[in-house]
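Asks: Structure for this input, please:
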Amino acid sequence: MPSVEFNNLAGTIVDKQDGNLRPEPGAVGPRVVIVGTAGKGVSDRTFIVGTTSLAKSEFGNDGTLLRGMWEAKSMGAEEIALYRIGSTAAELTGVGDSTGSGGYTIMTVTQDESAGSDYSMYYEDATDRLVIRRNSDEQIVYDNDATAPIDLFEVIVSDYRASGGGPDIGSASAFVNLEDVTATGTTFVAGTDGLGLSRMEMYQELYVAYINLLQSDFDVIIPMDIYLDDYNVVDQGHYQSRLMGGITPVVPGGQTFPTAGAFQPTVDVDSLGQVYVEEYEGEYYFWWWFNDGSGVFSAADITPAGVPGSGSSTTKIDGTVLDATDFHEVNFAYQLGNFLYTFSRNIVDATGVIGVLPPASNSLRDKARWLGKAPVWTLDNATGEYSIASSADNGSGLLGNKFMVGQDDHRAGVFGGGMIATDTGFMDGEEELDSNEIPVDLGKYLTVVADTPLMRNTYYSPGYLASFAAAYGGFYINRAPASAPTNKQVSNTSLIYRQSLGALDSLAGAGYTVLRQKTTGLVVADSPTAARYDSDWNRLSTVRIVKAVVDGVRAAVDPYLGEGISESQRNSMTASIEKVLLGAKKAGFLQDYKPFQIIQTPSMEVAGRAEINLVLVPAFELRQVAVTVSVSKSG
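Replies: I've put the predicted structure just below:
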């Protein structure tokens with residue numbers, strides 16, 4: 001998804017810059033959004049959790065959505081929103097056209113496997129009368145009667161009766177379930193629950209969900225069941241890509257997605273390929289290619305079903321020929337970071353949490369392979385910069401992930417790797433620079449949690465293994481911004497895959513958030529973001545402090561939007577911002593801030609823009625205490 005700045009909507013647009021600790025935007029109220037799958041319930045829009053019992057009634061326990069809710073809630077999240085993905089509506093086409101090329105299309109708003117049996121209909125061709133009924137209580141939800149039409153917005157009816165007409169379907173005394181309509185010219189496609197999404201289908205669902213969520217308001221987002229190191233056709237440095245002797249992920253034949261969770265070498269591996277995305281009339285279409293390394297493209301391995309226009313496995317919708325350069329490497333963490341970059345610049349500042357896959361087992365060997373080893377660095381004496389010179393110097397496991405530490409073919413092997421915003425929204429685009437000429441680091445918006453502990457909560461009180469990602473988002477969302485999660489105790493959680501202190505130190509150094517067992521209990525050992533090692537934004541506490549400040553600044557500036565800015569108005573706005581900064585300093589969020597002014601040149605005034613340059617000094621968290629001990633003779 002390309003990173004965009006809204007150019008025409010009134011609002012406050014914020015850039016977070018490296019090298020000068022600049023602010024980012026914020027939101028009202030600490031809300032966490034869980035994005036996941038469920039066996040039923042509203043789809044593709046946020047559902048605010050009023051009571052957990054209501055959420056359970058709406059979505060049920062199947063899928064990941066309710067589990068994520070309980071993981072976040074058990075750690076302290078109070079305001080939670082749920083966003084269901086992966087499900088599809090039932091659709092009946094060709095009503096009123098025996099040729100099947102036109103006629104009415106009926107689509108349910110409900111997106112479930114049962115949608116086709118939840119509604120029934122009758123159609124009378126002579127009068128062009130279409131009536132649809134909800135089966136649970138026989139309530140009419142749609143009637144195109146000209147004198148007394150009904151539309152309760154439970155179904156979407158589009159198009160119109162063909163001139164030639166079509167056969168009648170049912171009658172006023174004998175409605176027919178949508179799924180049972182077999183009239184000439186009609187086609188029924190059942191809805192789906194979306195519980196068994198492959199990795200590529202998950203990427204597609206999140207791509208669209210993130211676009212929809214640009215209209216929402218939240219502070220923390222946790223997409224369930226995605227990982228920094230998911231299987232990928234492109235080597236991203238994690239050990240899974242080299243598991244079982246370096247098996248390359250493959251896609252089954254027949255233009256089908258892999259089986260969710262499958263790992264059958266040379267047959268079926270559920271992994272991410274390379275993608276081409278095209279938007280057409282408000283819909284998004286995805287082509288997938290599993291590059292064999294030769295770089296030669298012949299046809300997409302997976303072509304979108306029902307692609308309109310001239311779209312095919314070799315051509316785009318407009319008929320343009322597809323080639324290898326149209327396809328992009330993808331990664332779930334990068335996708336999330338890019339969404340948060342767009343969201344935070346234009347709406348409110350938000351952060352996200354993502355996990356990693358657990359070790360293959362709890363054996364020392366598998367845990368060592370999961371941890372891996374750091375790359376070998378080469379110093380360029382001319383520039384003083386370290387880099388990875390060749391593939392032989394790459395690391396492995398989590399300590400070799402190219403986004404967290406670097407890889408020889410990622411960003412020219414630069415030390416620390418990084419997830420950098422680009423002009424296309426994909427990692428192979430032209431890197432964007434902030435006004436300090438520093439690459440825009442998407443990692444500042446992300447936390448990568450390394451642990452998969454035993455969780456105990458209302459979802460399943462005996463305990464179950466799950467990524468700590470959702471729990472961590474709930475853990476820090478309501479914590480005071482100046483109080484970092486570091487060294488804070490977590491409850492109802494036990495470590496299964498225990499690591500040595502040396503391993504924890506290495507993981508923290510690479511930017512992973514890790515848990516540590518102390519005699520006092522299980523604590524967060526360190527709380528970095530996934531930003532590069534030299535970023536101003538590599539501490540979660542820094543990001544959250546600046547967020548809190550800019551939340552206040554955004555609220556202070558908002559009353560002035562849409563008004564003419566005279567000198568007195570400018571002074572009033574300055575005073576409002578000053579009040580926010582003084583309050584943050586008094587609360588202990590800031591050590592200090594530098595004097596600022598509202599900049600508005602004549603051309604900016606004509607364009608209706610103003611600029612506020614804030615330089616903040618956050619209350620940096622205490623992470624280590626060095627104790628020097630000496631002994632002496634008595635007396």
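Asks: ranges for the helices of the stretch 501-635 of the chain?
Replies: Per DSSP state H, counting those that start in this stretch, the stretch 501-635 of the chain carries helices over the ranges 501-509, 540-557, 567-586, 602-607.
Asks: again, but for the chain
Replies: Applying DSSP state H to the chain gives helices spanning 52-59, 65-74, 115-118, 199-212, 243-246, 332-346, 364-371, 469-477, 501-509, 540-557, 567-586, 602-607.
Asks: quick one: which of those helices has the weakest pLDDT on average?
Replies: Of all the helices of the chain, the minimum mean pLDDT falls on helix 243-246 (a mean of 46).
Asks: Mind putting the helices of the chain into a markdown table with mean neighbour count and distance to residue 176?
Replies: Placement of C-beta: from N, CA and C, glycine included. A markdown table is the format used below for those (neighbours: other C-beta atoms under 10 Å; distance: least, C-beta to C-beta, whole Å):
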| stretch | mean neighbour count | distance to residue 176 |
| --- | --- | --- |
| helix 52-59 | 16 | 28 |
| helix 65-74 | 26 | 33 |
| helix 115-118 | 21 | 11 |
| helix 199-212 | 20 | 31 |
| helix 243-246 | 10 | 51 |
| helix 332-346 | 24 | 42 |
| helix 364-371 | 17 | 55 |
| helix 469-477 | 27 | 43 |
| helix 501-509 | 17 | 59 |
| helix 540-557 | 24 | 54 |
| helix 567-586 | 15 | 62 |
| helix 602-607 | 10 | 59 |
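Asks: Figure out which of these is closest to residue 493.
Replies: When these are compared by C-beta to C-beta, helix 469-477 sits nearest residue 493, at 6.9 Å.
Asks: Send me the closest one as PDB with only the CA atoms.
Replies: In PDB, the C-alpha atoms belonging to helix 469-477 read as follows (Å, rounded to 0.1, in the frame of the first residue of the first chain):
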ATOM      1  CA  ALA A 469       2.200  -9.700  20.600                       C
ATOM      2  CA  ALA A 470      -1.500  -9.000  21.500                       C
ATOM      3  CA  ALA A 471      -0.800  -9.300  25.300                       C
ATOM      4  CA  TYR A 472       2.100  -6.800  25.000                       C
ATOM      5  CA  GLY A 473      -0.100  -4.300  23.200                       C
ATOM      6  CA  GLY A 474      -2.600  -4.600  26.000                       C
ATOM      7  CA  PHE A 475       0.300  -4.400  28.500                       C
ATOM      8  CA  TYR A 476       1.600  -1.000  27.500                       C
ATOM      9  CA  ILE A 477      -1.400   0.800  26.100                       C
END
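Asks: now it and helix 540-557, what's the angle there?
Replies: Helix 469-477 and helix 540-557 are oriented at 60 degrees to each other (axes from the mean of the first three to the mean of the last three C-alpha atoms, to 10 degrees).
Asks: so can I have CSV of the helices of the chain showing distance to residue 91?
Replies: Output for the helices of the chain, formatted as CSV (distance: least, C-beta to C-beta, whole Å):
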stretch, distance to residue 91
helix 52-59, 22
helix 65-74, 24
helix 115-118, 9
helix 199-212, 17
helix 243-246, 40
helix 332-346, 28
helix 364-371, 44
helix 469-477, 33
helix 501-509, 47
helix 540-557, 42
helix 567-586, 50
helix 602-607, 46
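Asks: for the ones you listed, which one sits closest to residue 30?
Replies: helix 469-477 (4.8 Å).
Asks: looking at this protein, which helix or strand does the model trust least?
Replies: helix 243-246 (a mean of 46; mean pLDDT, DSSP states H and E).
Asks: Mind checking which residue lies nearest the centre of this protein?
Replies: Nearest residue to the geometric centre of the chain (C-alpha atoms, centre = their mean): residue 336, 3.7 Å.
Asks: surely that residue meets residue 446?
Replies: Yes: applying C-beta atoms under 8 Å, one finds residue 336 in contact with residue 446, separated by 6.4 Å.
Asks: For these two, list the residues in contact with both.
Replies: Common contacts of residue 336 and residue 446 (C-beta atoms under 8 Å, 6 or more residues apart in numbering): 352, 354.
Asks: circling back to that earlier point, the helices of the stretch 501-635 of the chain: which one's closest to residue 382?
Replies: When the helices of the stretch 501-635 of the chain are compared by C-beta to C-beta, helix 501-509 sits nearest residue 382, at 26.5 Å.
Asks: So what's the gap between the closest one and the chain middle?
Replies: Distance of helix 501-509 from the chain centroid (C-alpha atoms, centre = their mean, to the nearest Å) equals 26 Å.
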